[in-house]
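**Student:** let me see the structure of the following:
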Amino acid sequence: MPSPSTDPISYTAQIVAAKRAIEQSLPVPLFSDPYAAALAGNEVENLLSKWRQVAERQGRSLEDVIAKRTRYIAIRTRFFDDLLLATLPQLSQPQVVILGSGLDTRAYRLPWPAATSLYEVDLPGVLDYKANTLRNIKPNCRHHMIAGDLENFQSGWIARLLEAGLRQDIPTIWILEGVVMYLPEPSVHSLLRTIAALSCPGSVLGLDAVKSGSIRAAQSAKNADRGRVVRHWQFGCDEPQQLLQGYGWSAEVSQPQNIGIAHGRYPASMPVTAEVGGHQQERGVWLVQAKKDPH
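**Tutor:** Got it, this is the predicted structure:
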């Protein structure tokens, strides 16, 4: 089956998978993902080839360049892994929904509690590619792949999610990893409204988002024909706590350089910025965990 890289959002999923795969080559990777390389395909060597040139040009070791270029994806992956592993034991009937799951491999690599139901929602081509690539690997949970377009609420994914067994009367863990920045603002609000409507109190939401300054920088990169990933960003948010409060969630917001003291990957004094022009203080990334408030 061909890779899903013809769609821009799908090829960003391969770039993310490649960064997860390359992370495994570091002396102390922040997580274990034995399946990312197979899903990333040629993108692993594509990135390494570019980074070897960067290392040579800047007089740095390849390992140093890798550690910098993978660090946000590594910390984000570890953040959501930790959120899941900390929250799941608190739920008597664990259910997890990963929206815009891309080439996520958590169904196969995390030690899920018995009877966990995991639902992944993404475009059918992405899910088919992943299912085919990992066809000989058994998920560690009750795994449901739900075809749907998060931008198109007529694509039927909400009904399919409920038909597959998602219960609205017990808490759900929702993961929106690397999703909202790619959506138009109205779609972000529609998605948050939908998640809120499907969630009972005690549900948990994990997401990452970028500041509005990062969107301006991404548009500059697009105009300059740079930034294979960031050029597709559309939505930024400077007040994620207020955004989520409007949909009934109490949020705890972190920046990646402060999580686990950045696991040693970010200098304490350096702002997190997209590697495309613009004013540093206006750019940045949020990592959010939120809990659904009582009605």
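
**Student:** please enumerate the helices of the stretch 51-200 of the chain.
**Tutor:** Using DSSP state H, counting those that start in this stretch, the helices of the stretch 51-200 of the chain run over 62-69, 71-87, 106-109, 124-133, 157-163, 185-198.

**Student:** where does the chain have its least confident helix or strand?
**Tutor:** Counting by mean pLDDT, DSSP states H and E, the chain has its least confident helix or strand at helix 212-223, which shows a mean of 59.

**Student:** name the surrounding residues that touch the helix or strand following that one.
**Tutor:** Moving toward the C-terminus from helix 212-223, the next helix or strand (DSSP states H and E) is helix 240-245. Identification of contacts with helix 240-245 by CB atoms under 8 Å, 6 or more residues apart in numbering yields Leu192, Leu205, Ala209, Cys237, Ser250, Ala251, Val253, Trp286, Val288, Ala290. Where C-beta positions appear, they are placed from N, C-alpha and C, glycine not excepted.

**Student:** next helix or strand past helix 240-245?
**Tutor:** Downstream of helix 240-245, the next assigned helix or strand under DSSP H and E is strand 249-254.

**Student:** can you give me the angle that next one makes with helix 185-198?
**Tutor:** Following axes from the mean of the first three to the mean of the last three CA atoms, to 10 degrees, one obtains 120 degrees for the angle between strand 249-254 and helix 185-198.

**Student:** I'd like the distance between the closest residue in space to Ala147 that isn't next to it in sequence and Gly148.
**Tutor:** With CB to CB, 6 or more residues apart in numbering as the criterion, Ala147 has its nearest non-adjacent residue at 4.0 Å, and that residue is Pro124. Using CB to CB, to the nearest Å, one obtains 8 Å as the distance from Pro124 to Gly148.

**Student:** these two: who's more crowded?
**Tutor:** Gly148 (22 against 14; other CB atoms under 10 Å).

**Student:** now Cys200. Its backbone dihedrals?
**Tutor:** Phi and psi for Cys200, reported as degrees, to the nearest 10, are phi -90, psi 160.

**Student:** who touches it in this structure?
**Tutor:** Cys200 neighbours (CB under 8 Å, 6+ apart): Gln168, Asp169, Ile170, Pro171, Thr172, Lys292.

**Student:** quick one: buried ones out of those?
**Tutor:** Buried subset of the contacts of Cys200 (neighbour count, 16 or more other CB atoms under 10 Å): Pro171, Thr172, Lys292.

**Student:** sketch out the low-pLDDT regions of the stretch 151-295 of the chain for me.
**Tutor:** Counting by pLDDT under 70, the ranges of the stretch 151-295 of the chain that qualify are 213-232, 261, 267-283.

**Student:** coming back round to it: how close does the residue nearest to Ala147 get to Ala38?
**Tutor:** 20 Å.

**Student:** isn't Pro171 up against Gly202?
**Tutor:** Yes: here Pro171 reaches Gly202: they are 4.1 Å apart, a contact under CB atoms under 8 Å.

**Student:** overlap in contacts of the two?
**Tutor:** Taking CB under 8 Å, 6+ apart as the contact rule, Pro171 and Gly202 both touch Lys292.

**Student:** and the buried ones among the contacts of Cys200 as CSV, adding distance to Gln154?
**Tutor:** Output for the buried ones among the contacts of Cys200, formatted as CSV (distance: CB to CB, whole Å):
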residue, distance to Gln154
Pro171, 28
Thr172, 23
Lys292, 26
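
**Student:** tell me the one of those nearest Glu56?
**Tutor:** The shortest approach to Glu56 among those belongs to Thr172, at 47.7 Å (CB to CB).

**Student:** which residues touch the nearest residue to the closest one once chain neighbours are set aside?
**Tutor:** Computed as CB to CB, 6+ apart, the closest residue to Thr172 that is not its neighbour in sequence is Ser203, at 4.8 Å. Going by CB under 8 Å, 6+ apart, Ser203 touches Pro171, Thr172, Ile173, Trp174, Lys291, Lys292.

**Student:** likewise for His263?
**Tutor:** Applying CB under 8 Å, 6+ apart to His263 gives the contacts Leu30, Ala74, Ile75, Arg78.

**Student:** among these, who's most crowded?
**Tutor:** With neighbours taken as other CB under 10 Å, the top of the contacts of His263 is Ile75, carrying 27 neighbours.

**Student:** list the contacts of that residue.
**Tutor:** Leu30, Pro256, Ile259, Gly260, Ala262, His263, Arg265, Tyr266, Leu287.
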